[in-house]
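Peer 1: here's a sequence, model it:
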Amino acid sequence: MATKKLCDSFSKTLIDEVHKWGSMKQMGVSLRCMLDFGSVQSERNMILAAQFLHRELPVRIARRAIELESLPYGLSEKPAVVKVRDWYLDSFRDLRSFPEIKNANDEREFTRMIKMIKVRHNNVVPAMALGVQQLKKSLDPKLDYEDLDEIHQFLDRFYMSRIGIRMLIGQHVAVHDPNQPPNCIGYIHAKMSPIQVAKDASEDARSVCLREYGSAPNVNIYGDPSFTFPYVPAHLHMMVFELVKNSLRAVQERYMESDKPAPPICIMVADGEEDVTIKVSDEGGGIARSGLPRIFTYLYSTANDPVYERLDVGSADVVTMAGYGYGLPICRLYARYFGGDLQIISMEGYGTDAYLHLSRLGDSQEPLP
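Peer 2: Model (predicted):
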């Protein structure tokens with residue numbers, strides 16, 4: 001069955017406009033800028049923010065839609081990828097057909113619309129994962145995953161852009177919420193405690209491990225509990241959850257048949273001048289050096305393949321992370337989005353240390369693909 005090309009489902013006028021907007025320059029925003037702007041919640045600021053999004057979102061969405069149309073190895077033709085492309089084009093059309101924002105009423109309508117766009121894109125990660133699985137099934141099994149570098153680079157750009165789009169929409173929508181917790185400005189917590197977030201994320205990861213294996217190693221957390229800095233708790237929770245979940249699984253599987261008790265996972269939080277660094281250490285046996293380059297690719301997972309079981313995953317981005325082999329590469333993108341990074345250092349035969357660096361200054365611009 002031939003896949004519908006763009007021009008079959010969308011008008012030529014729209015496609016021309018997508019190409020026009022896709023060639024425009026994107027404007028990166030920093031965490032500090034979002035924090036400062038959101039902390040003064042005047043009607044004027046809300047209108048200015050909406051006007052910025054009205055211009056910025058179509059540029060970012062158009063770029064991804066164009067790229068989705070011309071992927072290597074026939075990935076663009078996979079049904080799941082066509083579906084994602086159509087979501088992007090629908091969102092582009094909604095944004096472009098929304099009139100100029102002139103007053104508070106326009107701004108409220110616009111906010112309602114972008115909230116719907118965010119929901120429309122909830123399942124982009126599992127849908128793209130499914131597209132990649134469909135591609136893997138059709139490729140020569142002898143093909144080395146390093147040969148699929150173009151696809152890895154595309155997915156890095158695509159998911160980084162998605163993090164940015166969701167952050168901008170989510171931040172604007174959340175600033176409207178009258179029931180925001182104290183010190184929260186939209187998605188950003190001005191006084192976030194990394195120790196507290198690490199505790200919550202570890203408990204969530206342990207409960208997943210308990211459910212799967214019937215027991216779970218302990219997690220010990222070290223650092224100053226009173227230390228806080230501005231960051232997005234949901235992003236940090238997701239990253240720590242993923243790292244701890246991987247460590248728990250490695251330790252659990254290594255000690256399952258052993259008489260010795262499973263050693264705990266250790267989390268260390270260090271606050272430096274420039275970076276807050278969170279180290280997650282385990283004694284789960286480590287990763288062979290030959291396998292290390294593969295842990296950041298999207299076509300490699302050691303877990304079972306859950307994509308087919310639940311493409312109807314709920315709206316929580318966190319749930320859609322587990323087991324696609326997407327956890328680590330997407331974690332690294334979240335860290336890099338606000339100027340941080342993720343490094344994995346392994347001692348085969350002993351264990352693994354993951355270093356999550358977060359920029360404490362919050363002044364780096366979004367890395368726009």
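Peer 1: going by C-alpha atoms from here, please, whenever you check contacts or count neighbours.
Peer 2: Fine.
Peer 1: the strands in the stretch 251-369 of the chain, which residues?
Peer 2: Along the stretch 251-369 of the chain, the stretches classed as strands by DSSP state E, counting those that start in this stretch are 265-271, 275-282, 341-347, 351-359.
Peer 1: export those to JSON lines and tack on distance to Val40 and mean pLDDT?
Peer 2: JSON lines is the format used below for those (distance: least, C-alpha to C-alpha, whole Å; pLDDT from 0 to 100):
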{"stretch": "strand 265-271", "distance to Val40": "28", "mean pLDDT": "97"}
{"stretch": "strand 275-282", "distance to Val40": "27", "mean pLDDT": "97"}
{"stretch": "strand 341-347", "distance to Val40": "30", "mean pLDDT": "96"}
{"stretch": "strand 351-359", "distance to Val40": "24", "mean pLDDT": "97"}
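Peer 1: among the ones you listed, which is nearest Arg162?
Peer 2: Among the strands of the stretch 251-369 of the chain, the nearest to Arg162 by C-alpha to C-alpha is strand 341-347 (17.6 Å).
Peer 1: adding mean neighbour count and distance to His121, write the strands of the stretch 251-369 of the chain out as CSV.
Peer 2: Listed next are those as CSV, based on neighbours: other C-alpha atoms under 10 Å; distance: least, C-alpha to C-alpha, whole Å:
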stretch, mean neighbour count, distance to His121
strand 265-271, 19, 33
strand 275-282, 22, 30
strand 341-347, 17, 25
strand 351-359, 22, 27
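Peer 1: CSV for these, including distance to Glu67?
Peer 2: Written out in CSV, the entries for those read as follows (distance: least, C-alpha to C-alpha, whole Å):
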stretch, distance to Glu67
strand 265-271, 39
strand 275-282, 34
strand 341-347, 25
strand 351-359, 30
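Peer 1: tell me which of those sits nearest to Cys331.
Peer 2: Checked against C-alpha to C-alpha, the stretch from those lying closest is strand 341-347, at 7.5 Å.
Peer 1: need the contact partners of the closest one.
Peer 2: For strand 341-347, the external contacting residues (C-alpha atoms under 8 Å, 6 or more residues apart in numbering) are 285-289, 331-333, 335-336, 352-358.
Peer 1: against Lys136, how distant is Tyr326?
Peer 2: Tyr326 sits 15 Å away from Lys136, going by C-alpha to C-alpha, to the nearest Å.
Peer 1: and what of Pro182?
Peer 2: Computed with C-alpha to C-alpha, the distance linking Pro182 and Lys136 is 47 Å.
Peer 1: have a look at these two and say which one is more surrounded.
Peer 2: Neighbours per residue (other C-alpha atoms under 10 Å) separate Pro182 from Lys136, with Lys136 holding more: 16 against 9.
Peer 1: so what touches the host helix or strand of Asn105?
Peer 2: Element membership of Asn105, judged by DSSP states H and E, is helix 104-120. If you take C-alpha under 8 Å, 6+ apart as the criterion, helix 104-120 is touched by 43, 46-47, 50, 87, 91, 94, 98, 101, 166, 169-170, 172-173, 315.
Peer 1: could you list the buried residues of it?
Peer 2: Counting neighbours by 16 or more other C-alpha atoms under 10 Å, one finds that the buried residues in helix 104-120 are Asp106, Glu107, Arg108, Phe110, Thr111, Ile114, Lys115, Ile117, Lys118, Arg120.
Peer 1: now those residues as TSV including distance to Asp275 and pLDDT?
Peer 2: What follows is these, written out as TSV (distance: C-alpha to C-alpha, whole Å; pLDDT from 0 to 100):
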residue	distance to Asp275	pLDDT
Asp106	40	96
Glu107	36	95
Arg108	37	95
Phe110	36	97
Thr111	34	96
Ile114	33	96
Lys115	32	95
Ile117	34	96
Lys118	30	95
Arg120	35	94
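Peer 1: quick revisit: filter the contacts of helix 104-120 to the buried ones?
Peer 2: Burial by neighbour count, judged by 16+ other C-alpha under 10 Å, picks out Met46, Ile47, Ala50, Trp87, Ser91, Ile101, Arg166, Ile169, Gly170, His172, Val173 from these.
Peer 1: residues contacting Phe227?
Peer 2: So, once contact is read as C-alpha under 8 Å, 6+ apart, Phe227 ends up touching Ser193, Pro194, Asp271.
Peer 1: before we move on, what about Glu274?
Peer 2: Contact criterion C-alpha under 8 Å, 6+ apart gives Ser359, Arg360, Leu361 as the residues in contact with Glu274.
Peer 1: quick one: contacts for the second one?
Peer 2: Shown in contact with Arg360 (C-alpha under 8 Å, 6+ apart): Phe229, Pro230, Gly272, Glu273, Glu274, Asp275, Val276.
Peer 1: pick the one among those closest to Asp36.
Peer 2: Distance from Asp36 was checked for each of the contacts of Arg360 by C-alpha to C-alpha. The minimum falls on Pro230, at 11.1 Å.
Peer 1: how about the secondary structure of the closest one?
Peer 2: Going by DSSP: H, G, I helix; E, B strand; the rest coil, the secondary structure assigned to Pro230 is strand.
Peer 1: counting neighbours, what do you get for it?
Peer 2: The burial metric for Pro230, expressed as a neighbour count using other C-alpha under 10 Å, is 22.
Peer 1: excluding its backbone neighbours, what's nearest it?
Peer 2: Here the nearest residue to Pro230 in space, its sequence neighbours aside, is Ala190; by C-alpha to C-alpha, 6 or more residues apart in numbering that works out to 4.1 Å.
Peer 1: and the one you found, what element?
Peer 2: Under DSSP H and E, the secondary-structure element containing Ala190 is strand 188-192.
Peer 1: against which helices or strands is that strand packed?
Peer 2: Contacts of strand 188-192 with other secondary structure elements, assessed using 3 or more C-alpha pairs under 8 Å, 6 or more residues apart in numbering; DSSP states H and E, are made with strand 229-231, helix 233-255.
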